[in-house]
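# Build me a model:
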Amino acid sequence: MSEVVVQISADEVQDGVILSKALEAFAKWSEESGMTGTDGDAPDIMMMTERSDVGIRRRLVFQDRDHAARFLVYWRNERGRARGSDGALLGV
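The predicted structure follows:
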């Protein structure tokens, strides 16, 4: 099984709690919507934090390209919703 790495830049993630909640909600949604593997497990997602002089960046590792693509769509929607409800939440 190959891995797909998605990098979320520091300007996209001012508060790691928002990303963590989005990952949890996505995993729950994917399980409820039938986007599970043949073994019945929800998609595996691993999050790593990288620090640099630019800031903190998150690396998300997915087990499947389709899961990664679906999460990116989900993340963009969640980010937009968070900005709309509280612009300061994401540092906008």
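# now for the host helix or strand of residue 28, which elements pack on it?
According to DSSP states H and E, residue 28 maps onto helix 16-32. When contacts are defined as 3 or more Cβ pairs under 8 Å, 6 or more residues apart in numbering; DSSP states H and E, helix 16-32 packs onto strand 45-51, strand 56-62, helix 65-85. The C-beta positions use only the backbone N, C-alpha and C, and glycine is treated the same way.
# Go through that helix and flag the buried ones.
For helix 16-32, burial by neighbour count (16 or more other Cβ atoms under 10 Å) applies to 18, 19, 22, 23, 26, 27, 30.
# distance of the fifth one from residue 62?
Counting by Cβ to Cβ, to the nearest Å, the separation of residue 26 from residue 62 is 10 Å.
# Need the residues touching each of the two.
45, 71 (Cβ atoms under 8 Å, 6 or more residues apart in numbering).
# Closest to the centroid, which residue in the chain?
residue 23 (4.8 Å; Cα atoms, centre = their mean).
# what's the closest non-adjacent residue to it?
Nearest residue to residue 23 in three dimensions, chain neighbours excluded: residue 45, at 5.9 Å (Cβ to Cβ, 6 or more residues apart in numbering).
# count of neighbours near the one you found?
Neighbour count of residue 45, defined by other Cβ atoms under 10 Å: 19.
# correct me, but it touches residue 74?
No: between residue 45 and residue 74 there is no contact under Cβ atoms under 8 Å: 11.4 Å.
# intersection of neighbour lists for the two?
Contacts common to residue 45 and residue 74, judged by Cβ under 8 Å, 6+ apart, are residue 26.
# follow-up on the earlier one: just put the buried residues of helix 16-32 in JSON lines and tack on distance to residue 53 and pLDDT.
Output for the buried residues of helix 16-32, formatted as JSON lines (distance: Cβ to Cβ, whole Å; pLDDT from 0 to 100):
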{"residue": "18", "distance to residue 53": "23", "pLDDT": "81"}
{"residue": "19", "distance to residue 53": "21", "pLDDT": "83"}
{"residue": "22", "distance to residue 53": "26", "pLDDT": "87"}
{"residue": "23", "distance to residue 53": "26", "pLDDT": "88"}
{"residue": "26", "distance to residue 53": "30", "pLDDT": "88"}
{"residue": "27", "distance to residue 53": "32", "pLDDT": "84"}
{"residue": "30", "distance to residue 53": "35", "pLDDT": "82"}
